[in-house]
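Q: Build me a structure from this.
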Amino acid sequence: MTFIETKLKGCFILEPKIFKDERGYFMESFNEKTFQDGVGHKVTFVQDNQSFSTKGVLRGLHYQCGEHAQAKLVRVLQGEVLDVAVDLRPNSETYGQYEAVLLSAENQKQFFVPRGFAHGFLVLSETATFFYKCDNFYNKESEGGLIYNDPTVNINWNFPLNELIISDKDQILPNLENTKKVW
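A: Alright, predicted model coming up:
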């Protein structure tokens with residue numbers, strides 16, 4: 001497994017070693033020791049989640065704050081998504097900046113998003129199955145979000161915004177200036 005740190009300190013793109021032959025392929029998608037060595041600290045995942053979405057679905061940008069903050073290790077089992085993390089750590093040199101990674105069943109890349117980031121993804125293929133591990137349990141009272149089209153963050157979704165499918169909840173999320181500041 002290769003770990004590539006992004007411009008956002010603590011966010012990593014993971015590229016697994018894939019062994020292919022006439023039967024198909026084999027890869028190790030997660031190994032606790034390799035993962036902790038790669039990111040440089042201990043992360044204990046406690047929950048796995050999976051979603052299925054159609055083309056144009058944008059989920060996010062979500063986060064949890066305080067003692068319920070979550071780190072995520074995300075990947076795509078089927079299809080292709082543009083996965084995005086936005087740095088919300090108030091004292092970070094990259095506060096308000098984002099990283100976008102193309103994740104697909106074909107490239108098998110994974111994206112580690114540490115605590116202190118808003119996270120979301122946009123489905124680019126006809127359908128996509130998205131899988132992620134969390135290091136903390138969901139807590140509704142600690143939930144927060146950032147609007148997908150915040151002009152300060154200025155995410156390039158590389159998709160017609162008028163064709164997005166977004167939940168009612170995600171359409172009314174606050175801008176960067178009004179996100180929760182409790183980390």
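Q: Tell me what the residue nearest to the spatial centre of the chain is bridged to.
A: Residue closest to the average C-alpha location in the chain (CA atoms, centre = their mean): His119, at 4.7 Å. Beta bridges link His119 to His62, Ala85 when assigned by DSSP bridges.
Q: Next one: it from Gln50, what distance?
A: For His119, the distance to Gln50 (CB to CB, to the nearest Å) stands at 15 Å. In this view, the C-beta of every residue, glycine as well, is placed from N, C-alpha and C.
Q: returning to that earlier point: can you name the residues that contact the residue nearest to the centre of the chain?
A: His119 makes contacts with Gly60, Leu61, His62, Tyr63, Lys72, Val74, Asp83, Val84, Ala85, Val86, Val113, as judged by CB atoms under 8 Å, 6 or more residues apart in numbering.
Q: Show me the helices in this protein, by range?
A: 32-39, 168-171 (DSSP state H).
Q: Nearest to Ile165 among the contacts of His119?
A: Of all the contacts of His119, Gly60 has the smallest distance to Ile165: 12.7 Å, by CB to CB.
Q: Skipping its backbone neighbours, what lies nearest the closest one in space?
A: Gly120 (1.8 Å; CB to CB, 6 or more residues apart in numbering).
Q: Look at the one you found and say how many residues are nearby.
A: The burial count assigned to Gly120 is 25, neighbours taken as other CB atoms under 10 Å.
Q: is it true that it touches Asp150?
A: No - with contacts counted by CB atoms under 8 Å, Gly120 stays clear of Asp150, the gap being 11.5 Å.
Q: quick one: least confident of the contacts of His119?
A: Ranked by pLDDT, these bottom out at Gly60, which has 91.
Q: which residues sit in contact with it?
A: Val84, Ala118, His119, Gly120, Phe121, Gly145, Leu146, Tyr148, Asp170.
Q: Okay, it and Val101: tell me how far apart.
A: 14 Å.
Q: so what's in contact with those two at the same time?
A: With CB under 8 Å, 6+ apart as the test, Gly60 and Val101 both reach Val84.
Q: Tell me where the model's unsure across the protein.
A: 180-183 (pLDDT under 70).
Q: all strands for it, in order.
A: 2-5, 12-15, 18-21, 24-27, 47-54, 58-64, 72-78, 80-87, 98-104, 110-113, 117-123, 127-134, 143-145 (DSSP state E).
Q: Any buried residues in the fifth one, and which?
A: To tie it back to what came earlier, the one meant is strand 47-54. Within strand 47-54, the residues that count as buried by 16 or more other CB atoms under 10 Å are Ser53.
Q: what sits up against it?
A: Here strand 47-54 has contacts from 59, 77, 123, 126-134, 136-138, 165, using CB under 8 Å, 6+ apart.
Q: one more time with 7 Å
A: The contact list for strand 47-54 (CB atoms under 7 Å, 6 or more residues apart in numbering) reads Arg59, Val123, Glu126, Thr127, Ala128, Thr129, Phe130, Phe131, Tyr132, Lys133, Cys134, Phe137.
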